[in-house]
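A.B. asks: predicted structure and sequence below. I'll ask about it afterward.
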Amino acid sequence: KAGVTQTPRYLIKTRGQQVTLSCSPISGHRSVSWYQQTPGQGLQFLFEYFSETQRNKGNFPGRFSGRQFSNSRSEMNVSTLELGDSALYLCASSQTQQSYEQYFGPGTRLTVT
Amino acid sequence: GDSVTQMEGPVTLSEEAFLTINCTYTATGYPSLFWYVQYPGEGLQLLLKATKADDKGSNKGFEATYRKETTSFHLEKGSVQVSDSAVYFCALSDQQAGTALIFGKGTTLSVSS
């Protein structure tokens, strides 16, 4: 069974631009969560989607948004990029909304200049 | 709110040494506990888990026991290998907080031959 895939793997953007990252979960997994990893703040939860509905949201500004499609694929969008948004963005999938066991993708490395 | 505290690194060991990485947690409910490992340039891999008090999670020679009385979930391995060099994250998921994983800061392990 294929794992979680994320595209693109690397991205360089300029301050003020917006960016969209994509995540395809493991086949059969319906829950997708997003995390931001930075050296200073560590791993922080962004949001979770299940059946196209946002179920849970972390403490991030409204510039960070996401969505989930009917095939469970998910995208996250960051608008008006700031230097501090430079991070590794990780996507994780789990089978059900009651499943706490999450499987992570390799991440998208975003650099904002 | 819920939180995870793990020992600061880096931890430097010789091959075949005994490993302990301490992890304690604070949670309002009855969390599930996890250890994830991140190899250089990769995403997170689930190493082991425990879902209730006194459960022992184990995988690839690593073990951790869910201790409710001490709110701890320390990671141990009897004999480390060079290939175990990575960053280790302790995490919890509390049903009252949704399925979001809350991570510790991570402990870097470096094993030399």
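C.D. replies: That came through, no problem.
A.B. asks: what about the strands in chain A?
C.D. replies: Listed in chain order, the strands of chain A (DSSP state E) span A:5-7, A:10-13, A:19-24, A:31-38, A:42-50, A:53-57, A:64-68, A:74-78, A:87-94, A:103-104, A:108-112.
A.B. asks: tell me which of the ones you listed sits nearest to B:Ile21.
C.D. replies: B:Ile21 lies closest to strand A:42-50 among the strands of chain A, at 15.2 Å (CB to CB). (Glycine included, C-beta is placed from N, CA and C.)
A.B. asks: spatially nearest residue to the residue positioned nearest the centre of chain A, not counting backbone neighbours?
C.D. replies: In chain A, the residue lying closest to the centroid (CA atoms, centre = their mean) is A:Trp34, at 3.3 Å. Closest residue to A:Trp34 apart from its sequence neighbours, by CB to CB, 6 or more residues apart in numbering or on different chains: A:Leu46 at 4.1 Å.
A.B. asks: so what's that neighbour up against?
C.D. replies: A:Ser33, A:Trp34, A:Tyr35, A:Gln36, A:Lys57, A:Gly58, A:Phe60, A:Phe64, A:Gly66, A:Met76, A:Tyr89 (CB atoms under 8 Å, 6 or more residues apart in numbering or on different chains).
A.B. asks: didn't B:Ile26 look like it was pressed against B:Ser3?
C.D. replies: Actually, residue B:26 is Thr rather than Ile. Yes. Between B:Thr26 and B:Ser3 a contact is recorded at 4.8 Å, counting by CB atoms under 8 Å.
A.B. asks: which parts of chain A sit against chain B?
C.D. replies: For chain A, the residues found near chain B under the criterion CB under 8 Å from any CB of the partner chain are A:4, A:31, A:33, A:35, A:42-45, A:48, A:55-56, A:58, A:90, A:92, A:94, A:97-107.
A.B. asks: switch to 7 Å and redo it
C.D. replies: Taking CB under 7 Å from any CB of the partner chain as the measure of proximity, chain A contacts chain B at A:31, A:33, A:42-43, A:45, A:48, A:55-56, A:58, A:90, A:94, A:97, A:100-107.
A.B. asks: tell me the pLDDT at the nearest residue to A:Lys57 once chain neighbours are set aside?
C.D. replies: Spatial nearest neighbour of A:Lys57, chain neighbours left out: A:Phe47 (4.7 Å); criterion: CB to CB, 6+ apart. Listed pLDDT for A:Phe47 reads 92.
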